[in-house]
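Just need the structure, nothing else, for what follows:
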Amino acid sequence: MELSFQLADPAGNVTLLVTTPVPREDYATLAARLLSIPELHAEQVGFLAPPQGEGVIRLEMMGGEFCGNALRCAGLYYAVQQGRRRAGRFPVEISGYDQALSVQVNPLANQVSAEMPLPQAVQTCTLFGANAQAVQLPGIVHAVSFLPPDQPEAAVREALEGLAQAYGVPAAGVMFWDRQRSTLTPAVYVQGTSSLYFERSCASGSTAVAACQALNSQRDGSYKLALKQPGGTIHTTATLRGGKLQQLTIGGVVSLGQAYTVTF
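Numbering: from 1, shown residues only. Okay, the predicted model is just below:
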């Protein structure tokens, strides 16, 4: 079959947006084949599908997980396909979440920000023998850890497999956060494709860190973080009122690369 896709780069977290209609049961197989193309340096695959609600565009991730970076990519792709040159805001649908999320796109500056879902739960957990905070978002759970990111890959895979199964979600990540340097090293495991990536950046993981910072402060206000990750910086804002999270947003640079067609 012929498969067309668009390469997108949100802070180094290279994402392939498949534009050819594909049956859901083929997502995992086709995603694995695309990820195996070394020249693309891709970390994840999403499939464009007809919107199910109020969204102008819908993206379904390879394992049915939620992904904030892919959400931003889909918003930029829609704006460019529509020939938009001015900044605008669009409702975008993404797998792992049952409502459209607002995405603000400035196509000429390649700046894209997005509303993010609020955590369903934030709990203390143990990872690699140390305390961490598990932040459950729709479709994914992230453990925010203060350990250095040089944990053995096998240990990371085992820990994230267990975390995903414990929370009953398609994907799990660990965010190695250095608070002093404001750096973040993300690793994400997707159950449906059995894939583990030490990602160049992670938007939902950045959201998890922002949520932890705001909740741990126990003081109302807006908390901003510029999280430097291997592929670039993601900006986050978390708003706390009455001791509860009210809003989470992420933003930063997203660029669209080349469009491809391959034959399998």
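
show me where the stretch 51-200 of the chain has helices.
Under the criterion DSSP state H, counting those that start in this stretch, helices of the stretch 51-200 of the chain are mapped to 68-81, 153-167.

buried residues in the shortest one?
To tie it back to what came earlier, the one meant is helix 68-81. For helix 68-81, the buried set under the neighbour-count rule, 16 or more other CB atoms under 10 Å, comprises 68-79. The C-beta positions use only the backbone N, C-alpha and C, and glycine is treated the same way.

Just send the residues you listed back as JSON lines, with distance to residue 103 and pLDDT too.
Shown next, in JSON lines, are the buried residues of helix 68-81 (distance: CB to CB, whole Å; pLDDT from 0 to 100):
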{"residue": "68", "distance to residue 103": "10", "pLDDT": "95"}
{"residue": "69", "distance to residue 103": "12", "pLDDT": "96"}
{"residue": "70", "distance to residue 103": "11", "pLDDT": "97"}
{"residue": "71", "distance to residue 103": "6", "pLDDT": "97"}
{"residue": "72", "distance to residue 103": "6", "pLDDT": "97"}
{"residue": "73", "distance to residue 103": "10", "pLDDT": "98"}
{"residue": "74", "distance to residue 103": "8", "pLDDT": "98"}
{"residue": "75", "distance to residue 103": "3", "pLDDT": "98"}
{"residue": "76", "distance to residue 103": "8", "pLDDT": "98"}
{"residue": "77", "distance to residue 103": "10", "pLDDT": "98"}
{"residue": "78", "distance to residue 103": "8", "pLDDT": "98"}
{"residue": "79", "distance to residue 103": "9", "pLDDT": "97"}
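
Quick check: the farthest pair among those?
68 and 79 (17.1 Å; CB to CB).

Run a quick neighbour tally on residue 18.
22 (other CB atoms under 10 Å).
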